[in-house]
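Just to be clear, the model below is a prediction. Sequence and coordinates:
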Number of protein chains: 2
Amino acid sequence: MALIVQKYGGTSVGTPERIQNVAEKIIRTKDAGHDVVAVVSAMSGETNRLIELAKSLHPNPPARLMDLLLATGEQVTVSLLGIALDNRGYDTRCYTGAQVRILTDSAHGKARIQEIDAKVVTEDLKHGRISVVAGFQGVDAVGAITTLGRGGSDTTAVALAAALKADECQIYTDVDGVYTTDPRVVSKARRLERITFEEMLEMASLGSKILQIRAVEFAGKFHVPLRVLSTFEEGPGTLITFEDETMEEPLISGIAFNRDEAKLTVIGVPDRPGIAGAILGPVSDANIEVDMIVQNISQSGLTDFTFTVHRNEYERTLEILQKACSDLGAREVFGDTKIVKLSLVGVGMRSHAGVATTMFKALANEGINIQMISTSEIKISVVIDEKYLELGVRALHSAFGLDDEDAQVQVEGRDAG
Amino acid sequence: MALIVQKYGGTSVGTPERIQNVAEKIIRTKDAGHDVVAVVSAMSGETNRLIELAKSLHPNPPARLMDLLLATGEQVTVSLLGIALDNRGYDTRCYTGAQVRILTDSAHGKARIQEIDAKVVTEDLKHGRISVVAGFQGVDAVGAITTLGRGGSDTTAVALAAALKADECQIYTDVDGVYTTDPRVVSKARRLERITFEEMLEMASLGSKILQIRAVEFAGKFHVPLRVLSTFEEGPGTLITFEDETMEEPLISGIAFNRDEAKLTVIGVPDRPGIAGAILGPVSDANIEVDMIVQNISQSGLTDFTFTVHRNEYERTLEILQKACSDLGAREVFGDTKIVKLSLVGVGMRSHAGVATTMFKALANEGINIQMISTSEIKISVVIDEKYLELGVRALHSAFGLDDEDAQVQVEGRDAG
């Protein structure tokens, strides 16, 4: 008998029929002898409906009132799921974030969980009851309702699992696990049985929007085993696990990509200390997030500086840079929105030489020019022309044996360990 | 400068435009130099929408989960009204019932307020802020969300006004006050400037559904001056006041009627002690509420027993009585759904003889037969054939001078007092 926290997102609870389906999934787990705590999001569409109501009254509604408004979304879902479980004869208790004392800071709209007093839930479990808890929301020290920001229900589930010392935190979503890459791009993409937290973090931040990144961080920090699985199909999903549990690492776990970025380059800036800060200062002052940053070595005292931002911020960033250009003594500023970032992710690459070489060669063989390179311990990212996205991903998927039968054996060999 | 609690019902806040309009009304009061606390209901239609969602999952959803579900309705409204007021630059704080500690018992779906800790609101008023509070809902001793039942927002407003020692509690609704009778039936019906609490209670229980009866009781008990006025038209409305404030009583304040009743008669029951209980026992056991009860004096040891129930309960009541009939030794049971109850209400009738005589004569002059009579200190009710409803109400409205210019003067003379 295990204690399992299950999180169901907005699509999973989008209609009464789907709520019924979620109730059945919970009941199956319960009937298998496990303790279940369910965390739910607002029904899909509800949050947007409420935001539109607010926007019709205020161009920029205060965050604390938006939190009070949006928190009703999950409250409706917990009530309805509780009603469905009660109808099937299962003793169920339902809670808002405030009622299970999910204490957060007061940063409305993007609050962070500080503490959970899971006493009421522990009490429920002791009595064999199912607990249903509203995701995405909490309460601050003065009793104001807060929200954790979009996708925050994942974080609620993980935090609750940590507080309860749950055996597993299951994130039910509309995909049946984490794939080696996007199956819509590479038909040979395969579901991973396992992936490490570090790899998942890299995959998540690179645009595989299966799990909220904060939830993954939280799970890693508190050692909560996390599983991603589908609400709509049966299957084991993908277990996000700790590195030391695996016997042998595959070289590469997956290939992520991100089409949402744009590239900006400042040409011919004097190569003096503080120049990077001088370029990026006005950008970050404007609250624009910068992703990849590349600076080439200096030639004749001048250097080129390239970085990427979200494509929506491209125009604004270009304007800022052009203004700053003369102050910096730079020769020219230009950019490109027709790019894509492509990343190899794998804990295994840490101990294997030559991954980068294989990657670059595979791309070169397809005639794909690399515009930027950036690496971390378990990731290599390149920026290429967006028209080569599918070709590049498929080439790498093959080059690293991800669509190989042998590779499948290698992955499963790891799982057996 | 006064402290005013304003309550806006579901129709008044039914759309974003109407919420905007409510914000303007609050601002006008605030700008006139008053302190304002607003109590709001769920947007019209919302409660029914939520009930339907619940019913699609459970034929009979548990009351505690329905409370958790329905409480979201007012939470949405307080947030939106707060957002509208913020947009107009007014510092506003918004609260759920739990957040202002409206402590109730645990009778989910029909909870009663036990205590209000209005500290947060008092603090707001001290800082010149507007407070917006969710009506209809509270929290019990263990932190579960409760609701006061339909129409409970009136009660919240009055209770809050009592706790804050407000100068006036204004109930905004879709009519502009309390009328001498229904204007749709008698075109000469006039709005009353004032009415006493006792009269209002009689009017409310007789089918003038302007105010929730519990709210009126509450206001009377805690001496909260209550005013009924229209959200959609300007005007002073009707002040519900304490008897000793008036200089001179009008004979009759108004004429109420109720088309929702049905009449049942048991003929020829032995007139022995306990017979009334024997007849009504099985009816109340079936949870059927009985309104008027009339028993004639006995003739030759047999008596007739007549009472009224809600028209929806007529068939069920008839069945119960027919079963009980032989046990009682009664001769016959019959009933009539085509009746209407017509009531004269007025504190003044206490000290005036002949009101009943005037009433009966006025009806007789129109050829209207009286089927039942029942009286209280400030009310006389008769049951007549429903086809005479309009005729009867108009006859009484004239007979008691309610559509007279002179009567208007008399009413206003009272107000000047």
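That came in fine, so what should we check first? Numbering: from 1, shown residues only, chains lettered A, B, ... in the order given.

Quick check: which ranges of the stretch 1-150 of chain A have low pLDDT?
The model of the stretch 1-150 of chain A has pLDDT under 70 over residues A:150.

What number of residues are in the vicinity of A:G109?
16 (other CB atoms under 10 Å in any protein chain shown). Any C-beta I mention is one placed from the backbone N, CA and C, and that applies to glycine too.

likewise A:R184?
9.

ok, now A:R272?
Around A:R272 there are 11 residues (other CB under 10 Å).

so how far is A:K323 from it?
Per CB to CB, to the nearest Å, A:R272 is found 20 Å from A:K323.

do the same with A:E17
From A:E17 over to A:K323 the distance is 55 Å, taken as CB to CB.

Write out the residues of chain A neighbouring chain B.
Residues of chain A lying near chain B by CB under 8 Å from any CB of the partner chain: A:16, A:19-20, A:50, A:53-54, A:56-59, A:61-62, A:65-66, A:68-69, A:71-72, A:75-76, A:78-80, A:82-84, A:86-87, A:94, A:96, A:98-99, A:143, A:145.

Just the buried ones from those residues, in PyMOL syntax?
Buried members of these, defined by 16 or more other CB atoms under 10 Å in any protein chain shown, are picked up in PyMOL with:
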select buried, chain A and resi 16+19+20+50+53+54+56+57+58+61+62+65+66+68+69+71+72+75+76+78+79+80+82+83+84+86+87+94+96+98+99+145
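
Identify those among the residues of chain A next to chain B that sit within strands.
Under the assignment DSSP state E, the residues of chain A next to chain B contribute A:94, A:145 to strands.

quick one: low-confidence ranges for the stretch 201-350 of chain A?
Residues of the stretch 201-350 of chain A that meet the cut-off, pLDDT under 70, sit at A:204-209, A:243-250, A:298-299.

can you map out the strands along it?
With DSSP state E, counting those that start in this stretch applied, the stretch 201-350 of chain A shows strands at A:226-230, A:238-241, A:254-258, A:261-270, A:290-295, A:302-310, A:332-336, A:339-345, listed in chain order.

helices or strands next to the second one in the packing?
Packed against strand A:238-241, as judged by 3 or more CB pairs under 8 Å, 6 or more residues apart in numbering or on different chains; DSSP states H and E, are the following elements: strand A:194-196, helix A:197-205, strand A:226-230.

One more pass at 10 Å, please.
The contact analysis (3 or more CB pairs under 10 Å, 6 or more residues apart in numbering or on different chains; DSSP states H and E) places strand A:238-241 against strand A:168-173, strand A:194-196, helix A:197-205, helix A:213-221, strand A:226-230.

Including mean neighbour count, could those go into TSV?
Below are these laid out as TSV (neighbours: other CB atoms under 10 Å in any protein chain shown):
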stretch	mean neighbour count
strand A:168-173	24
strand A:194-196	24
helix A:197-205	24
helix A:213-221	20
strand A:226-230	21
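
want to throw these into JSON lines with distance to B:T11?
Putting the helices and strands packed on strand A:238-241 into JSON lines (distance: least, CB to CB, whole Å) gives the following:
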{"stretch": "strand A:168-173", "distance to B:T11": "40"}
{"stretch": "strand A:194-196", "distance to B:T11": "54"}
{"stretch": "helix A:197-205", "distance to B:T11": "47"}
{"stretch": "helix A:213-221", "distance to B:T11": "42"}
{"stretch": "strand A:226-230", "distance to B:T11": "44"}
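
so which of those comes closest to B:A157?
Checking these against B:A157 by CB to CB gives helix A:213-221 as the closest, at 41.4 Å.

who touches the closest one?
Defining contact as CB atoms under 10 Å, 6 or more residues apart in numbering or on different chains, one finds that helix A:213-221 is touched by A:7, A:110, A:112-113, A:148-149, A:151-159, A:161-162, A:169, A:171, A:196-198, A:200-205, A:210-212, A:224-226, A:240, A:242.

Mind doing that once more with 7 Å?
A:154-155, A:158-159, A:169, A:197, A:200-201, A:204-205, A:226, A:240 (CB atoms under 7 Å, 6 or more residues apart in numbering or on different chains).

Chain A: helices as residue ranges?
A:16-31, A:46-55, A:63-87, A:119-126, A:152-164, A:197-205, A:213-221, A:275-285, A:314-328, A:355-365, A:389-399, A:405-416 (DSSP state H).

tell me which residues in the second one are buried?
Spelled out, that is helix A:46-55. A:46-47, A:50, A:53-54.

now do the fourth one
By neighbour count on 16+ other CB under 10 Å, the buried set for helix A:119-126 is A:120-121, A:124-125.

Tell me the residue of the stretch 201-350 of chain A that sits nearest chain B?
Distances between the stretch 201-350 of chain A and chain B by CB to the nearest CB are smallest at A:T231, namely 16.9 Å.

residue contacts, that residue?
Neighbours of A:T231 in contact, by CB under 7 Å, 6+ apart: A:8, A:12, A:22, A:172-174.

coming back round to it: ok, so of the buried residues of helix A:119-126, who is nearest chain B?
Nearest member of these to chain B, counting by CB to the nearest CB, is A:V120, at 8.4 Å.

Hmm, that closest one is touching A:V100, no?
Yes: in terms of CB atoms under 7 Å, A:V120 counts as a neighbour of A:V100; the distance is 5.9 Å.

returning to that earlier point: of the contacts of A:T231, which is the nearest to chain B?
A:V22 (11.0 Å).

ok, so what distance separates that closest one from A:Y8?
5 Å.

In CSV: the helices of chain A, plus distance to B:L328.
Output for the helices of chain A, formatted as CSV (distance: least, CB to CB, whole Å):
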stretch, distance to B:L328
helix A:16-31, 48
helix A:46-55, 57
helix A:63-87, 42
helix A:119-126, 51
helix A:152-164, 62
helix A:197-205, 77
helix A:213-221, 70
helix A:275-285, 89
helix A:314-328, 87
helix A:355-365, 96
helix A:389-399, 87
helix A:405-416, 79
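
For B:D31, find the nearest of these.
Comparing those by their distance to B:D31 (CB to CB), the top pick is helix A:63-87, with 21.6 Å.

okay, the angle between that closest one and helix B:63-87?
Here helix A:63-87 runs at 160 degrees with respect to helix B:63-87, directions being taken by axes from the mean of the first three to the mean of the last three CA atoms, to 10 degrees.

Tell me the helices and strands packed up against helix A:63-87.
The criterion is 3 or more CB pairs under 7 Å, 6 or more residues apart in numbering or on different chains; DSSP states H and E, and the helices and strands that helix A:63-87 contacts are helix A:16-31, strand A:35-40, helix A:46-55, strand A:92-95, strand A:130-134, strand A:145-147, helix B:46-55, helix B:63-87.

Sounds good, over and out.
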